[in-house]
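Asks: Give me a model of this one.
(2 chains)
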2 protein chains.
Amino acid sequence: MSVAADRIRFETEPSKYRHWRLDVDGPVATLTMAVDPSGGLRDDYELKLNSYDLAVDIELHDALQRVRFEYPRVKAVVITGGLDKVFCAGANIQMLATSSHAHKVGFCKFTNETRNGIEEMSTRGGQFVLAAVNGTAAGGGYELALACDEILLVDDRSSSVSLPEVPLLAVLPGTGGLTRVVDKRHVRRDLADVFATKAEGVKGRQALEWGLVDAIAPPSTFDELVADRAKARAAGSDRPDEAEGMRLGPLEHRFVRVDVDGDVGVATITVLAFSSLIESLEACRELDDAILDLRFNEPVAGTWVLRTEGDAERIVVADEAMGGDGWLQREVRLFWGRTLKRLDQSSRTLVALITPDSCFTGTLAELALAADRTLLLDDGETSMRLTEVNDGRYPMANGLSRLATRFWGRDDDLARARSVLRKHLAGADALEAGLVTAAPDDLDWDDDVRLLLEERASFSPDALTGLEANLRFPGPETMETKIFARLAAWQNWIFQRPNAVGPEGALPRYGTGSRPTFDRRRVG
Amino acid sequence: MSVAADRIRFETEPSKYRHWRLDVDGPVATLTMAVDPSGGLRDDYELKLNSYDLAVDIELHDALQRVRFEYPRVKAVVITGGLDKVFCAGANIQMLATSSHAHKVGFCKFTNETRNGIEEMSTRGGQFVLAAVNGTAAGGGYELALACDEILLVDDRSSSVSLPEVPLLAVLPGTGGLTRVVDKRHVRRDLADVFATKAEGVKGRQALEWGLVDAIAPPSTFDELVADRAKARAAGSDRPDEAEGMRLGPLEHRFVRVDVDGDVGVATITVLAFSSLIESLEACRELDDAILDLRFNEPVAGTWVLRTEGDAERIVVADEAMGGDGWLQREVRLFWGRTLKRLDQSSRTLVALITPDSCFTGTLAELALAADRTLLLDDGETSMRLTEVNDGRYPMANGLSRLATRFWGRDDDLARARSVLRKHLAGADALEAGLVTAAPDDLDWDDDVRLLLEERASFSPDALTGLEANLRFPGPETMETKIFARLAAWQNWIFQRPNAVGPEGALPRYGTGSRPTFDRRRVG
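Replies: I've put the predicted structure just below:
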């Protein structure tokens, strides 16, 4: 039976899991994947051999959040397979073959975001993630392992790691695989080419020699290897030995309000002021959920209007409470960072509207800085206010703050913006500081906003997506931006090619017994 | 009358130009664009208002090469429009609307390469390029200006710069426009968003304030401004005051041989040994022409086998002759650099085969380092040899040598490869140094090569293109890699979207009087 539902829901909790098991043993947590074949999002495919769809990945995302917040004493996380001889077979192929282009793209993006979050746990969260590859890891299965800090492979003469997408499916290993193989694991590019065209993959010692895995062990000592490595990594963690976790209860929708107006293609996201660490965490959870809900369930709302409401002093207090060295403070900051990056990566026009009741300060000023356009009502009173929080607490995927990205290559303008931190900036001052796109007065405001939203709705959504994906990320590139731009953009192209998705293409033909027919001409 | 031809030819010379005029006056050259509306590559569109197609850009590419080689004393180049009120209207829309997906992609790639070459003239070639925008510059017209070192705009109340692709055509300004606006000219991202959605563009003082142009002047003093700026830039050039140019005669096809076997989808490119500066230039011209010819005219040849033939000592002599500070030596080196980058950017599998008659040394060893797979015959004699040339003379688009890219993140391996410069490396030694993918012996060679080529031909060409575009460029990203990956990959995606190219899409509907009908759903 499938979890059929018109609307895809991202909120879940462990008692509802069908695919993952979370076991915590002192400083080590183990996430075991044992996918229920009939537990997919739709019922026209079966999730055999630990293959996954969005439903499986929603659980993984939830489980990782809980490890971070509910289990502060966990210092190492082991991800492993719960089926015989299989670690994970990657994204389900029948699902890919029967999903819309938009679903494939959205699914890959969410999966990538979750993988990036795994990497962040190891690099910034003090919870090192290890892949205990106790069976075959194919495609997205190996890509999941690639996101971990260490890959341990059982050396049993049958278990391999592989990226069989190109030879078997005519698509890319698009969840970071190609990028991480050469840019993270530094596999030599010609060997990476051999590897990614070798459907059966690479096993044991050769996988180790090529740099595809970090350690191997025979079945008899594999569990010991995993336990030893987890213990060793845990020893390097700065997570506390004693601390109470923060239970993530059901969302209460106290801080984020969403209104969708399909006719004009607009969703308005209003974030209400919060004033404590706990409220900030709740607001962030609600915002994250709202972004995912709108991405998947409201594709016609091509513009997201970002609003805030309440007393800006409350945000200042909350931002203060989020500072400091505590594990929870750090996790809340990192979570805001991920959620804001999710906003940056959303294929929607972002318009921030700053009005008299707004509180665009500190953490919430990031919404204005993330926007493609920011309008501030010039009524002499309405203002925004940057704080130190905007000068580095929430780096974008490119490694820079949104403020530094905004003034990329214009150091004087950046210095000027930094000189007005903590100042209330109304109309002309906000314009002068380069922080808003326009500051219409009362007479013009309604028309200007309406015209902007109407104009945006009149453009091709695809062209806007390409435009925004290029203008939002000036400056340096990182492995993360490479994955979202270079790799994902190529995958999106391939996801439209007849050789992959046409009637004679590789995806629909997979498993039918008949080979795909390819147009052999190269493009470009 | 069109220049109709089954095969697109890239070789041309000034007496055949229909669209560009090259005037040289002391240290300043002027390239004037006055497109012949009926001089396009096909005759089903007219190149009105200085719009361009590949035929126009082939002439520009040729003219720039001649400025570099035939006019060594030129220190500044002015690109301007030769029509009334028009600088350049960008790529011809009817051409785009009626071209195949593959032609659009190939055309944009070549255009991008030419624009990158313009930038290289200013940054490395001592010939500063200025855009004298003496009329409207729209879309690709403004993108041509963006590739120049300075943009001078006439302030006549009508001439504007614009990127109207998104609002009018539902595609991107994909020839570097979006990238250069934010990453080169550092236009603030929200202003860039306004600019790139404003079909009518921006004029005069506002263009200057937003950073879209470098200087403005009314018509009465515009020519003076251009002359002054050209003179000022020329003063900073290290080009010689006195020197004879190197005439670029018709290609003689003495150094590059191409054999196409459509049945197995393979083109074999054989470069013969050259032994002087002049021969090296000729070989490079022939290789560049061969790459372009194969890209556009032999799309079924999805694999390019790279071979070399002759005495490797000749290459060593030529490489020595290419060294040094002379303008010509530098230009020949830069030209090889561009040609090798063109190889990197070609959507073809590159296989280098090193056999007894090969001369993979120095400049020609770059072909082996550029390849996705390199096979060396292990017969005890066949060898390759790196030299200092391979350690930095020819940076890739990512700014690194191909050698450093190969060992990205593996400093020990890079140091080991550097330690064998100038050594003849046969079978096991080449393998040990990590310079070849495999070294089959006589018994296995034929089968191994055949199987590799057959396997490659059995894969989806599109998936291979995506694979190669991701594995070839580990390490840092630059504006150039951003243009070819992020921007071009998104554009290629959009070039397949119904909103752009479907029967009701913006490209076919443009100029018909009926508005396009868009599917308003966002993807991702």
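Asks: Show me what A:Ser162 is bridged to.
Replies: A:Ala138 (DSSP bridges).
Asks: can you list the residues of the stretch 301-450 of chain A near chain B?
Replies: A:301-302, A:346-348, A:371-374, A:405-410, A:413, A:434, A:437 (CB under 8 Å from any CB of the partner chain). C-beta coordinates here come from the backbone N, C-alpha and C atoms, glycine included.
Asks: Looking at those, which are in strands?
Replies: Using DSSP state E, the members of these that fall in strands are A:Arg373, A:Thr374.
Asks: Just the ones in helices from the residues of the stretch 301-450 of chain A next to chain B, please.
Replies: A:Thr405, A:Arg406, A:Asp413 (DSSP state H).
Asks: thought the last one was touching A:Gly434?
Replies: So that's A:Asp413. Yes. In terms of CB atoms under 8 Å, A:Asp413 counts as a neighbour of A:Gly434; the distance is 5.4 Å.
Asks: what's the overlap in contacts for the two?
Replies: Any residue near both A:Asp413 and A:Gly434 by CB atoms under 8 Å, 6 or more residues apart in numbering or on different chains counts here, and that gives A:Phe407, B:Arg188.
Asks: Which parts of the stretch 401-524 of chain A are strands?
Replies: Listed from the start of the chain, the stretch 401-524 of chain A has strands (DSSP state E, counting those that start in this stretch) covering A:425-426.
Asks: repeat for the stretch 1-150 of chain A
Replies: A:20-25, A:28-33, A:51-52, A:76-81, A:86-88, A:90-91, A:128-133, A:136-138, A:150-154.
Asks: how about those in CSV, adding distance to B:Arg229?
Replies: Shown next, in CSV, are these (distance: least, CB to CB, whole Å):
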stretch, distance to B:Arg229
strand A:20-25, 64
strand A:28-33, 63
strand A:51-52, 59
strand A:76-81, 60
strand A:86-88, 61
strand A:90-91, 55
strand A:128-133, 56
strand A:136-138, 59
strand A:150-154, 57
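Asks: got a list of what whatever residue of the stretch 301-450 of chain A ends up closest to chain B touches?
Replies: Of the residues in the stretch 301-450 of chain A, the one nearest chain B is A:Gly409, at a distance of 3.3 Å by CB to the nearest CB. Under the criterion of CB under 8 Å, 6+ apart, the neighbours of A:Gly409 are A:Pro474, A:Gly475, B:Asp183, B:His186.
Asks: Tell me the secondary structure at the last one.
Replies: Under DSSP: H, G, I helix; E, B strand; the rest coil, B:His186 falls in the coil class.
Asks: got the contact list for it?
Replies: A:Trp408, A:Gly409, A:Arg410, A:Pro474, B:Gly211.
Asks: pLDDT at the nearest residue to A:Arg521 once chain neighbours are set aside, what is it?
Replies: Excluding its sequence neighbours, the residue lying closest to A:Arg521 (CB to CB, 6 or more residues apart in numbering or on different chains) is B:Pro299, at 3.9 Å. Here, the pLDDT recorded for B:Pro299 equals 97.
Asks: Surely B:Pro299 is within a strand?
Replies: No. Assignment of B:Pro299 by three-state DSSP gives coil, placing it outside any strand.
Asks: what's the nearest residue to A:Gly201 if we skip its chain neighbours?
Replies: A:Ser162 (2.5 Å).
Asks: Neighbours of that neighbour, how many?
Replies: By other CB atoms under 10 Å in any protein chain shown, the residues close to A:Ser162 number 26.
Asks: any chance you could map the helices in the stretch 151-300 of chain A?
Replies: A:177-179, A:189-195, A:204-209, A:219-235, A:277-297 (DSSP state H, counting those that start in this stretch).
Asks: Tell me which of these approaches B:Arg229 most closely.
Replies: helix A:177-179 (42.2 Å; CB to CB).
Asks: other SSEs contacting the closest one?
Replies: On a contact count with 3 or more CB pairs under 8 Å, 6 or more residues apart in numbering or on different chains; DSSP states H and E, helix A:177-179 meets helix A:140-146, helix B:461-471.
Asks: hey, which of those is tucked in deepest?
Replies: Ranked by mean neighbour count, the helices and strands packed on helix A:177-179 are led by helix A:140-146 with a mean of 29 (mean count of other CB atoms under 10 Å in any protein chain shown).
Asks: same question for that one, mean pLDDT?
Replies: 98.
Asks: Name the residues that touch it?
Replies: For helix A:140-146, contacts defined as CB under 8 Å, 6+ apart pick out A:50, A:52, A:79, A:87-91, A:111, A:115, A:118, A:131, A:133, A:137, A:151, A:161-163, A:173, A:175-177, A:180-181, A:184-185, A:201, A:213.
Asks: Buried among those residues? Need that as a selection in ChimeraX.
Replies: Only the buried members of those enter the following ChimeraX selection, criterion being 16 or more other CB atoms under 10 Å in any protein chain shown:
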select /A:50,52,79,87,88,89,90,91,111,115,118,131,133,137,151,161,162,163,173,175,176,177,180,181,184,185,201,213
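Asks: Just name the most buried of the helices of the stretch 151-300 of chain A.
Replies: helix A:177-179 (a mean of 29).
Asks: Show me the contact partners of it.
Replies: By CB under 8 Å, 6+ apart, the residues outside helix A:177-179 that reach it are A:139-140, A:142-143, A:146, A:163, A:165, A:172, A:192, A:196, A:479, A:482-483, A:486-487, B:467, B:470-471.
Asks: go on, stretch A:225-234?
Replies: Residues from elsewhere that reach stretch A:225-234 (CB under 8 Å, 6+ apart): A:27-28, A:75-76, A:78, A:80, A:128, A:130, A:132, A:149-150, A:152, A:215, A:217.
Asks: so who does the residue most central in space within chain A touch?
Replies: Nearest to the mean C-alpha position of chain A, by CA atoms, centre = their mean, lies A:Glu113 at 1.9 Å. Counting by CB under 8 Å, 6+ apart, A:Glu113 makes contact with A:Arg338, A:Lys341, A:Arg342, A:Gln345.
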